[in-house]
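1. Could you work out the structure for the sequence below:
(2 chains)
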Amino acid sequence: MTVLEEPIKEKILLRNYIGGEWTESEGEYQEIMNPATGKIIAKVPFSSEKEVTEAVEGAKEAFSEWRRTTPLARVRCLYRLKELLEENFEQLSRIQTMEHGKTIDESRGETRRGIENVEVATGIPSLMMGENLEDIARGIDEYLVRQPLGVFACIAPFNFPFMVPLWFAPYAVTTGNCIIVKPSPRDPISQVKLAELVDEAGFPPGVWSLVHGGEKVASALLEHPDIEGACFVGSTPVAKKIYQKCGQVGKRVVAQGGAKNFVVIMPDADLEKTIPSLMTSFYGNTGQRCLSGAVALVVGNDVFYKEFVQRFCDAASQIKTGYGLDEGTQMGPMQSREGKERVLRYIEKGISEGAKLTLDGRKAEVEGEYPETCFLSPTVFENVSSDMSIGKEEIFGPVASIMRAANLDEAINMIHRNPYGNAASIFTSSGRSAREFKYRVVCGNIGVNIGIAAPMAFFPFSGMKDSFFGILHGQGKEAVRFFTESKVVIQRWW
Amino acid sequence: MKFQTASQIVNFAIRIEEKSEKLYEKLVEEYPQEKEIFSTLLKENRKNKLWIQRAYNEIVSDALETGFSFEGVSADKSLAEDSMNEGSSDSVLEGVLEREERIQKFYQDTAEKSKAFLADLPRVFERIAKKQDNRKKIIRSLSGR
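-> Below you'll find the predicted structure:
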């Protein structure tokens, strides 16, 4: 058992980064616990409305100069940030494990995915280019330019504390906007480290700010008249509320909500390769991701079904749960005590609504000497139906619900009965089934023999139905469109 | 020693390369007449270490099966420990050759096991395993000199 060294040795008092300065907040503080060890590692402030106003004013002031800075010069700041991120790769990853609980492999993966967005955004001089056409009428030319809008807010979730703000911030700043990031108060430490690197990279004061807090800070940001738009990732009820709020006052918004992702296993699936993928899909990040598998929908006869369940449960029961900094750990704890309690309530509901608890993960088997506070082991339910709470609602934890469908048509219909549309996957060796699946399923991210259909940085992080509110998505070209206004110029010279 | 995660495997492979590097540094000191050959081998170890670290850090993704790609892979723990036979130069070389063979097998097994999941890492492991053939040939050529 190799436990990697913890990068946080003493409790840190977190500060805001406003107008290029690190400032101590006047708000109340809340403790942040390492969910694996139970140790308090930091204190985060809940900033005041006044501090939000200061951040917005600082960003607004920075905008007028920053938008006039050449795209190449803006991108050079990002190149420096990319270098600093690589230099601090391991430290950033270990911080995520300490604040969130995920395994070190998962944290490194999160760091990499964040960096990939920085890399893509360095292409802004090309990505931001407009279009033109000569002679739309004799002697008249028309062209389109993309211009930045001003100050944006990013309200980030707890499940990917480092990566999610990077779906947006690099594109926002390189297109000439300024951004204020409000990380989740549950695990904001990696965002503080990121802001330190932003500072070191030489972004002008106010271009990239960080304000800690909860709902009040989020509301103050959204309601501020100088905030042009918001990026949100979190639960569906909040995403819907933010979408409505922004719509009422004419702000741009990307609002990503929750999910209930179905994974269809066809009888021709290669189970040997499928099972490790499913373990990552259902139990990776301890099931706390909007692309996690939630329902394993098995198509096929009883023999295939039994074989699948046997293999799935065998693999799930062998998953090593422990501290994410122990390199042998395959699943970390839940991020919080409340999160664990919510999952436990869902397991109770599953039992009371008549599902069969095939693998009970309520009593966690933890590797090493760690308190049980946030740990759970993998859980598997069978005989789950679409009308049960565990069959239709987002659990956001390491619980797999196994359902059955007679054929692919029925499986697709079952997926469509669910209000969410974030992701769906199919495991099959038939090209025809795979094509049919990707063609018909109404979900934003489709996986074919892929357990987690996570789009790369150069593709939009999609989402449909109750999983997404807005038009343009985070990442890649859509992010560039989101952060810019298209201005069309028609000109004639006499 | 059994493995499960990519992090474990990568860490172990890096330790193997570091130990090999140390071993050849020692051989350079003890057999100055073969300095050039052993220096080439230890430089290769340094390069391998870099390749492994890069391949992992650059492809690692939370969406890939990093936690489950190496389940069932096992290796002899002593590969990542200091080891050098005592005695005549032939006996020392015999030990070195045997170690290179075991390292090759480790890389081959690991590459095979993870092929379906982590494209770049198995490719690097395969490449290192292939290079072992040449290393073994070089070491064999030193025996009996």
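2. quick one: the helix or strand of chain B at the bottom of the mean pLDDT ranking to chain centroid distance?
-> Least confident helix or strand of chain B, by mean pLDDT, DSSP states H and E, is helix B:89-114 with a mean of 89. Distance of helix B:89-114 from its chain centroid, counting by CA atoms, centre = their mean, to the nearest Å, is 7 Å.
3. right, and A:Arg342 touches A:Val399 too?
-> No. The criterion here is CB atoms under 8 Å, and A:Arg342 misses it with A:Val399 at 10.7 Å. C-beta here means a position set from N, CA and C on the backbone, and glycine is covered the same way.
4. Of the two, which one has the most company?
-> A:Val399 (25 against 14; other CB atoms under 10 Å in any protein chain shown).
5. Please report phi then psi for the more buried one.
-> Taking degrees, to the nearest 10, you get phi -130, psi 120 for the backbone angles of A:Val399.
6. Just give the nearest non-adjacent residue to it, would you?
-> Once flanking residues are discounted, A:Val399 sits nearest to A:Thr379: 4.5 Å by CB to CB, 6 or more residues apart in numbering or on different chains.
7. what's the one you found sitting at in phi/psi?
-> Per-residue torsions, A:Thr379: phi -120, psi 140 (degrees, to the nearest 10).
8. circling back: how about the least confident helix or strand of chain B: buried residues?
-> B:89, B:92-97, B:99-100, B:102-104, B:106-111, B:113-114 (16 or more other CB atoms under 10 Å in any protein chain shown).
9. cool, stretch A:146-161 as well?
-> So, applying 16+ other CB under 10 Å, buried residues of stretch A:146-161: A:146, A:148-161.
10. Equivalent analysis for stretch B:45-62, please.
-> For stretch B:45-62, burial by neighbour count (16+ other CB under 10 Å) applies to B:45, B:48-49, B:51-53, B:55-57, B:59-62.
11. Narrow these to those in helices?
-> B:45, B:48-49, B:51-53, B:55-57, B:59 (DSSP state H).
12. Export those as a markdown table, with columns for pLDDT.
-> Below are those laid out as a markdown table (pLDDT from 0 to 100):
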| residue | pLDDT |
| --- | --- |
| B:Asn45 | 96 |
| B:Asn48 | 96 |
| B:Lys49 | 96 |
| B:Trp51 | 94 |
| B:Ile52 | 93 |
| B:Gln53 | 92 |
| B:Ala55 | 88 |
| B:Tyr56 | 88 |
| B:Asn57 | 87 |
| B:Ile59 | 78 |
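13. Max pairwise distance over these: which two?
-> Greatest spacing in these, by CB to CB: B:Asn45 and B:Ile59 (21.8 Å).
14. quick one: contacts for the residue nearest to A:His473 when sequence neighbours are not counted?
-> Excluding the flanking residues, the one nearest A:His473 by CB to CB, 6+ apart is A:Pro460, at 3.7 Å. With contact set as CB atoms under 8 Å, 6 or more residues apart in numbering or on different chains, A:Pro460 has these partners: A:472-479.
15. Give me every residue in chain B lying close to chain A.
-> Contacts of chain B with chain A, taken as CB under 8 Å from any CB of the partner chain, map to B:3-8, B:11, B:56-69, B:71, B:116-117.
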